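*Asks:* based on what follows, work out the 3D shape:
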Amino acid sequence: MNCTDDNENNASFSIPITQWASEDRPREKMASLGKKNLTDSELLAILLRTGLPGASAIDIAKKILNRTNGCLTDLARLEINDLKGICKGLGEAKAITILAALELGNRMLKEEREHHDDI
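*Replies:* Now for the predicted structure:
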């Protein structure tokens with residue numbers, strides 16, 4: 001599936017994040033407001049780093065999250081090829097980056113549970 005499918009019926013394409021107001025860009029927003037003030041799609045866009053012609057990193061992140069109805073647990077269960085198949089241009093490197101970040105989160109939760117069980 002092409003990440004610009006939703007935009008192809010419109011005359012205009014998504015505006016690249018680099019052209020957004022700085023306070024609306026995910027990295028700048030995180031730096032000024034903190035990580036807890038970002039949406040899941042903004043955090044995912046930071047991992048993606050770049051978009052595609054006609055689709056910003058936010059657009060791609062939203063498409064990825066839509067695949068699992070916004071469920072991060074289900075996203076973490078996907079395999080690399082599942083993630084790559086969500087849209088054209090989402091390659092192995094980006095899929096691995098996303099899944100690696102989610103795996104770190106899973107390991108952190110496991111550590112917290114183990115630490116809590118020790119108390």
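
*Asks:* quick one: contacts for the residue lying closest to A76 once chain neighbours are set aside?
*Replies:* Spatially, and ignoring its direct neighbours in sequence, A76 is nearest to L102 (3.9 Å; CB to CB, 6 or more residues apart in numbering). Every residue, glycine included, has its C-beta placed from N, CA and C. Neighbouring residues of L102 by CB atoms under 8 Å, 6 or more residues apart in numbering: 72, 75-76.

*Asks:* make TSV from those residues and add neighbour count, pLDDT and distance to D40 to it.
*Replies:* Putting the contacts of L102 into TSV (neighbours: other CB atoms under 10 Å; pLDDT from 0 to 100; distance: CB to CB, whole Å) gives the following:
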residue	neighbour count	pLDDT	distance to D40
L72	14	96	7
L75	20	97	9
A76	15	96	12
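
*Asks:* with those in mind, which one is nearest to C87?
*Replies:* Nearest to C87, judged by CB to CB, of the contacts of L102 is L75 at 14.2 Å.

*Asks:* helix or strand: which one has L109?
*Replies:* helix 92-118 (DSSP states H and E).

*Asks:* for that helix, buried residues please.
*Replies:* Neighbour counts over helix 92-118 (16 or more other CB atoms under 10 Å) mark 94-95, 98-99, 102 as buried.

*Asks:* got those as a markdown table, with distance to I86 columns?
*Replies:* Converted to a markdown table, those look like this (distance: CB to CB, whole Å):
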| residue | distance to I86 |
| --- | --- |
| K94 | 10 |
| A95 | 9 |
| I98 | 10 |
| L99 | 12 |
| L102 | 15 |
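
*Asks:* closest to D118 among these?
*Replies:* L102 (25.1 Å).

*Asks:* if I look at the residue nearest to A57 when sequence neighbours are not counted, how far off is G89?
*Replies:* Nearest non-adjacent residue to A57, counting by CB to CB, 6+ apart: A45, 3.8 Å away. The gap separating A45 from G89 is 14 Å, by CB to CB, to the nearest Å.
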